[in-house]
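Colleague: Okay, predicted coordinates and the sequence, questions at the end:
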Amino acid sequence: MTPTIVFYILISIICIKFIFDTVLNYLNSKHFNDKIPDELKGIYNEEEYLKSQQYKKEKYKFSFISSTFSIIATLLFFIFDGFAFVDTLAKSITSNSILVTLVFFGIIALASDIFSIPFSYYKTFVIEEKFGFNKSTKTTFVLDKLKGWMMLLIIGGGILALITWFYQITTNTFWLYAWLLISVFTVFMNMFYSKLIVPLFNKQKPLVEGELKTKIENFAKKIGFKLQNIFVIDGSKRSTKANAYFSGFGSQKRITLYDTLINDLETNEIVAVLAHEVGHYKQKHIIYNLIASILLTGFMLYILSLMVSNQVLSQALGVEQASFHIGLIAFSVLYSPISEFTNFIMNILSRKFEYEADDYAKKHYNANALISSLKKLSKNSLSNLTPHPLYVKFHYSHPTLLQRILNLKK
């Protein structure tokens, strides 16, 4: 296969994905004005529903504009040999191959992020602000960016440097060492993310004594669940939207409640949400997701090892000499259809897990309290109550609100 053919394949994959996503988003937008199902009536009054429709429409328009700009920039970068230019620039800075890889991806990542800043700013301070969600300040916005870049430099750069080194010393079998490295890192982050990373962006405090903590402890005792770590995070620092999540396992397991969740819901509703999160742990969903993630990473790295040294891939991007970083760029595009398929399967699995966690909360706590909490959370975030079924299949990690309520009422 010639470099020209590979180049056109790369461009075709990028364009087909854009067209598919655009069509899917368009189909979903045609359901914005659908009649609300009987099971969901009463969530919004007329004024609130009009507001939710306007919010969905503005997000849809913004998504179309930003994705269009993104694909135009990407195609121009491909067509005018942008990767070859950055490769030459990186090699002019250093001759060390590991450092060349780091400089190459550093330039691309920084340029890409700078390009996205105006869109991110507009989404936060115009759209989210307009509909009353944004609580972030411009200082917080800038600090989040700087912290994100620092983490990318230290963690992302460190992992990339090690993988590049593995490739240099082993070539064909580097993927095994890379797989081991990423697997260990994934397990480590699952256990300690809330302790090490979250504090860089948010404050976390143990849940104070009171009615809520007492009810949570009583529920945990009832189901025989050892839960010592219940934290409240200052989510209101950035948004009014509420959330809760379970992280870690073993002695490091903890439940984190957003302060907005505590403000928006009644005590029984919060315990119902917590029961859902405990359901994920009891059903071993965290372990299953971790195993699936590690296996998919291994598969991806193995495929990468078969392709990354191919000189045709580098030549397709305008670089004559094959190199790890150029091969990695070409591979990331060629692998994207497989990635889309695996994401589709993982979303199916995730929605199944959500049903199981809901069932656990229904069996061990209270279905009506969970239904009430889901309705309030959907209302407060102006969620789409009538998404297109195909859009749900490809993009939803959770069942729709209607599907969850019908399941809880069985």
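Modeller: Happy to help now that I have it. Numbering: from 1, shown residues only.

Colleague: mind checking which helix or strand the closest residue to Lys57 other than its chain neighbours is in?
Modeller: Residue nearest to Lys57 in three dimensions, not counting chain neighbours: Phe32, with 6.2 Å by CB to CB, 6 or more residues apart in numbering. No exception for glycine: its C-beta is placed from N, CA and C like everyone else's. With elements delineated by DSSP states H and E, Phe32 resides in a region that no helix or strand encompasses.

Colleague: dump the residue contacts of Thr173.
Modeller: Counting by CB atoms under 8 Å, 6 or more residues apart in numbering, Thr173 touches Ser305.

Colleague: Just the pLDDT for it.
Modeller: Model confidence at Thr173, expressed as pLDDT, equals 92.

Colleague: isn't the residue nearest to Lys57 right next to Lys59, touching?
Modeller: No: counting by CB atoms under 8 Å, Lys59 is not a contact partner of Phe32; they are 10.2 Å apart.

Colleague: longest single helix anywhere in this structure?
Modeller: When every helix of the chain is counted residue by residue (DSSP state H), the longest turns out to be helix 324-364.

Colleague: how distant is that one from the center of its chain?
Modeller: The chain centroid and the centroid of helix 324-364 are separated by 10 Å under CA atoms, centre = their mean, to the nearest Å.

Colleague: With stretch 373-388 instead?
Modeller: Centroid displacement of stretch 373-388 relative to its chain, using CA atoms, centre = their mean, is 19 Å.

Colleague: Buried by neighbour count: which residues of it qualify?
Modeller: Residues of stretch 373-388 classed as buried under the neighbour-count rule (16 or more other CB atoms under 10 Å) are 373-388.

Colleague: what does stretch 93-107 give?
Modeller: Judged by neighbour count using 16+ other CB under 10 Å, the buried positions of stretch 93-107 are Ser97, Ile98, Leu99, Val100, Thr101, Leu102, Val103, Phe104, Phe105, Gly106, Ile107.

Colleague: Now the last one. Nearest residue, chain neighbours left out?
Modeller: Distances taken as CB to CB, 6+ apart place Val86 nearest to Ile107, at 5.2 Å, with adjacent residues excluded.

Colleague: Model confidence score at that neighbour, please.
Modeller: Here, the pLDDT recorded for Val86 equals 95.

Colleague: how about the strands of the chain, start to end?
Modeller: For the chain, applying DSSP state E gives strands covering 204-206, 230-233, 244-247, 254-258.

Colleague: Ok, which of those strands comes nearest Ile16?
Modeller: The closest approach between Ile16 and any of the strands of the chain, judged by CB to CB, belongs to strand 244-247 at 34.1 Å.

Colleague: ok, residues contacting the closest one?
Modeller: Residues lying outside strand 244-247 but in contact with it, judged by CB under 8 Å, 6+ apart, are 190, 193-194, 253-258, 261, 270, 273-274, 277-278, 280-281, 286.

Colleague: check contacts around Lys17.
Modeller: If a contact means CB under 8 Å, 6+ apart, then Lys17 has Ser336, Pro337, Glu340 as its contacts.

Colleague: who's in contact with the nearest residue to Thr267 once chain neighbours are set aside?
Modeller: Across the structure, with CB to CB, 6+ apart as the measure, the residue nearest Thr267 apart from its sequence neighbours is Leu212 (5.2 Å). Residues near Leu212 by CB under 8 Å, 6+ apart: Ile262, Thr267, Ile270, Val271.

Colleague: roughly how far apart are the second one and Ala369?
Modeller: Going back to what we said before, that points to Thr267. Distance of Thr267 to Ala369, computed by CB to CB, to the nearest Å: 9 Å.

Colleague: quick one: which of those two has more around it?
Modeller: In this view Thr267 and Ala369 are compared by other CB atoms under 10 Å, and Ala369 has more residues nearby, 21 against 16.

Colleague: Quick check: the gap between His388 and Leu143.
Modeller: Note on His388: its distance to Leu143, by CB to CB, is 37 Å.

Colleague: Val278 now?
Modeller: As for Val278, its distance to Leu143 is 34 Å (criterion: CB to CB).

Colleague: neighbour-wise, which of these two wins?
Modeller: Neighbour tally, Val278 and Leu143, criterion other CB under 10 Å: the higher count belongs to Val278, 25 against 14.

Colleague: Can you report phi and psi for the nearest residue to the more buried one once chain neighbours are set aside?
Modeller: Once its chain neighbours are removed from consideration, Val278 has its nearest residue in Phe225; the separation is 5.8 Å (CB to CB, 6+ apart). The main-chain torsion angles of Phe225 are listed as degrees, to the nearest 10 and equal phi -110, psi 120.
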